[in-house]
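# From the sequence below, what's the structure:
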Amino acid sequence: MQALIRTVMKERRISFKEALNSAVRTGLTQGKPKRRYFVQKSYSLGSDQNFRWDKALEAAAALEDEELGRKLSLRK
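Sure, this is the predicted structure:
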(Lines give C-alpha, C1' and ligand atoms only; values in the text may rest on other atoms or scores of the structure.)
Protein backbone atom coordinates (compact mmCIF):
# COMPACT_ATOMS: atom_id res chain seq x y z
CA MET A 1 0.00 0.00 0.00
CA GLN A 2 2.80 2.37 0.89
CA ALA A 3 4.51 1.69 -2.44
CA LEU A 4 1.33 2.62 -4.33
CA ILE A 5 1.07 5.88 -2.43
CA ARG A 6 4.74 6.64 -3.10
CA THR A 7 4.26 6.11 -6.85
CA VAL A 8 1.23 8.43 -6.82
CA MET A 9 3.36 10.99 -4.97
CA LYS A 10 6.03 10.86 -7.68
CA GLU A 11 3.54 10.91 -10.58
CA ARG A 12 1.48 13.82 -9.29
CA ARG A 13 4.33 15.54 -7.41
CA ILE A 14 2.34 15.84 -4.21
CA SER A 15 3.12 15.21 -0.55
CA PHE A 16 2.56 11.91 1.20
CA LYS A 17 -0.31 13.43 3.18
CA GLU A 18 -2.10 14.62 0.04
CA ALA A 19 -1.58 11.26 -1.70
CA LEU A 20 -2.89 9.37 1.32
CA ASN A 21 -5.94 11.62 1.68
CA SER A 22 -6.80 11.33 -2.01
CA ALA A 23 -6.48 7.53 -1.81
CA VAL A 24 -8.82 7.43 1.19
CA ARG A 25 -11.35 9.71 -0.50
CA THR A 26 -11.25 7.61 -3.68
CA GLY A 27 -11.81 4.44 -1.68
CA LEU A 28 -14.73 5.93 0.22
CA THR A 29 -16.47 7.28 -2.87
CA GLN A 30 -16.24 4.10 -4.97
CA GLY A 31 -19.33 2.68 -3.30
CA LYS A 32 -19.98 -0.05 -0.83
CA PRO A 33 -19.83 -3.72 -1.83
CA LYS A 34 -23.20 -5.43 -2.07
CA ARG A 35 -24.24 -6.86 1.27
CA ARG A 36 -24.98 -10.56 1.50
CA TYR A 37 -27.81 -11.39 3.87
CA PHE A 38 -27.83 -14.51 6.03
CA VAL A 39 -30.58 -16.99 5.25
CA GLN A 40 -31.23 -19.84 7.66
CA LYS A 41 -32.00 -23.11 5.95
CA SER A 42 -34.87 -25.05 7.46
CA TYR A 43 -35.88 -28.64 6.97
CA SER A 44 -39.18 -30.40 7.45
CA LEU A 45 -39.27 -32.75 10.43
CA GLY A 46 -42.20 -34.63 8.99
CA SER A 47 -45.85 -34.52 9.88
CA ASP A 48 -45.84 -37.35 12.44
CA GLN A 49 -44.22 -36.12 15.66
CA ASN A 50 -44.86 -38.17 18.75
CA PHE A 51 -43.01 -35.87 21.12
CA ARG A 52 -44.64 -32.85 22.76
CA TRP A 53 -42.05 -30.07 22.74
CA ASP A 54 -43.98 -28.03 25.29
CA LYS A 55 -43.26 -30.80 27.83
CA ALA A 56 -39.54 -31.16 27.03
CA LEU A 57 -38.27 -30.01 30.44
CA GLU A 58 -40.66 -32.35 32.20
CA ALA A 59 -39.49 -35.27 30.05
CA ALA A 60 -35.82 -34.41 30.69
CA ALA A 61 -36.44 -34.29 34.43
CA ALA A 62 -38.19 -37.67 34.32
CA LEU A 63 -35.27 -39.24 32.41
CA GLU A 64 -32.81 -37.76 34.88
CA ASP A 65 -34.81 -39.11 37.82
CA GLU A 66 -34.85 -42.59 36.27
CA GLU A 67 -31.09 -42.50 35.71
CA LEU A 68 -30.40 -41.33 39.28
CA GLY A 69 -32.64 -44.09 40.60
CA ARG A 70 -30.79 -46.67 38.50
CA LYS A 71 -27.39 -45.45 39.73
CA LEU A 72 -28.52 -45.49 43.36
CA SER A 73 -29.86 -49.02 43.03
CA LEU A 74 -26.52 -50.24 41.64
CA ARG A 75 -24.59 -48.89 44.63
CA LYS A 76 -26.52 -51.02 47.16
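# A59: helix or strand, and which one exactly?
helix 56-75 (DSSP states H and E).
# gap between that helix and the chain center?
Computed by Cα atoms, centre = their mean, to the nearest Å, the chain-centroid distance of helix 56-75 equals 37 Å.
# before we move on, what about stretch 30-47?
12 Å.
# tell me the average confidence for that stretch?
Averaging pLDDT along stretch 30-47 gives 82.
# Please apply the same query to stretch 9-18.
For stretch 9-18, the mean pLDDT works out to 90.
# Can you report how many residues neighbour A19?
19 (other Cβ atoms under 10 Å). From N, CA and C alone the C-beta is placed, and that goes for glycine too.
# hang on, it packs against M9?
Yes. A19 sits in contact with M9 when judged by Cβ atoms under 8 Å, with a separation of 4.7 Å.
# Show me where the chain has its helices.
Listed in chain order, the helices of the chain (DSSP state H) span 2-12, 16-29, 56-75.
# can you tell which of those is closest to G46?
For those, proximity to G46 was assessed by Cβ to Cβ; helix 56-75 is nearest, at 17.8 Å.
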